[in-house]
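Q: Below is the sequence, then the predicted model.
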Amino acid sequence: MTILITGATGNVGRHLVRRLSAAKRPVRALTRDPAKADLPAGVDVRAGDFTDFASLEAALEGVTAMHLMTAFGPGNETVPNSRDLVAAAVKAGVRRVTLLWNGYTGPVEEAVEDSELEYTHLRPGEFMSNALGWAEMIRAERVVREAYGEVGHSPVDVRDIAAVAALALTEDGHAGRDYTLTGPEVLTVPQQVAAIAAAIGEDVRYEAEDPEGAKERMRAIGIEEHAIGYVLDWRANPPEFARTVFTTVADATGRPARTFAAWARDHADAFR
């Protein structure tokens, strides 16, 4: 059973490829630049892009399960030609699909739900790895500036998302399920900053940032305008599930979801 991972070098995809490869599952990884993929030996790495439909069709040959992004790129663009992509997957012999949510239900989910594929929705809230966006500030100034930092979120470790995805792709019993994926606690930005400070053994302070300042900071690092609005809206007023603790990771994997403190210790070198 060959499993195709789209977005194979992304936050979730890279961990999913590693997990499936370690379990000796035949894995095909789709990425724009295979030469820079840095994936485990034995993984079938293919060049492909959601804007190049022929590359997707070629990657689907012989595939029976697929992890599918529903958005891609820095602008969080919806995957195009979703119905053609789903039809090509069915024609190729794909039976199971995991769908990584991009914040809203759109044409990709609709196309999959209208097909004969066995699908599992993965609906994570905020990624713990988003905190890596603070790394440069912390290294340079031992400070984190963020807007709406007092709003609590229940961030999830991408390794836990990958663990649930791997189960859904390789085991029965997950078809038609909607998995809301969160970490085990609701945290504000100052609480996350405190966990990072403890992990690196240094004082790190939090400074509240006004929304206009946050926009300017994100523009300066090349984030597109509509993506800036999406990020700030999410941080200011996250959906109810994203500030609630769900036990989905533990229920699916049999072990508790990782804490932010554990994530911070594992990634401490990024902040030093």
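A: That came through, no problem. Numbers count the residues shown, from 1 in each chain.

Q: any idea of the pLDDT on the closest residue to residue 186 other than its chain neighbours?
A: In this structure, residue 186 finds its nearest non-sequential neighbour in residue 152, 4.2 Å apart by C-beta to C-beta, 6 or more residues apart in numbering. In short, each C-beta sits where N, CA and C put it, glycine included. Turning to residue 152, the model gives it a pLDDT of 96.

Q: What is the burial count for residue 152?
A: 16 (other C-beta atoms under 10 Å).

Q: give me phi/psi at it?
A: phi -80, psi 140 (degrees, to the nearest 10).

Q: and the strand or helix carrying residue 159, how far from the chain's centre?
A: Per DSSP states H and E, residue 159 falls inside helix 158-170. From the chain centre to the centre of helix 158-170 is a distance of 11 Å (C-alpha atoms, centre = their mean, to the nearest Å).

Q: Just to check, the residue nearest to residue 186 is in contact with residue 188?
A: Yes - with contacts counted by C-beta atoms under 8 Å, residue 152 reaches residue 188, the gap being 5.2 Å.

Q: ok, back up a step: identify the residues contacting the helix holding residue 159?
A: 1, 3, 11-13, 15-16, 18-20, 23, 25, 65-67, 96, 98, 100, 120, 122, 124, 127-129, 174, 177, 179, 181, 183, 248-249, 252-253, 257-258 (C-beta atoms under 8 Å, 6 or more residues apart in numbering).

Q: distance from the centroid: which residue in the protein tops it?
A: Most distant residue from the mean C-alpha position of the chain: residue 203, 29.2 Å away (C-alpha atoms, centre = their mean).

Q: check contacts around that one.
A: Residue 203 neighbours (C-beta under 8 Å, 6+ apart): 142, 197.

Q: how close does it get to residue 213?
A: Per C-beta to C-beta, to the nearest Å, residue 203 is found 22 Å from residue 213.

Q: ok, now residue 189?
A: Taken as C-beta to C-beta, the span from residue 189 to residue 213 is 14 Å.
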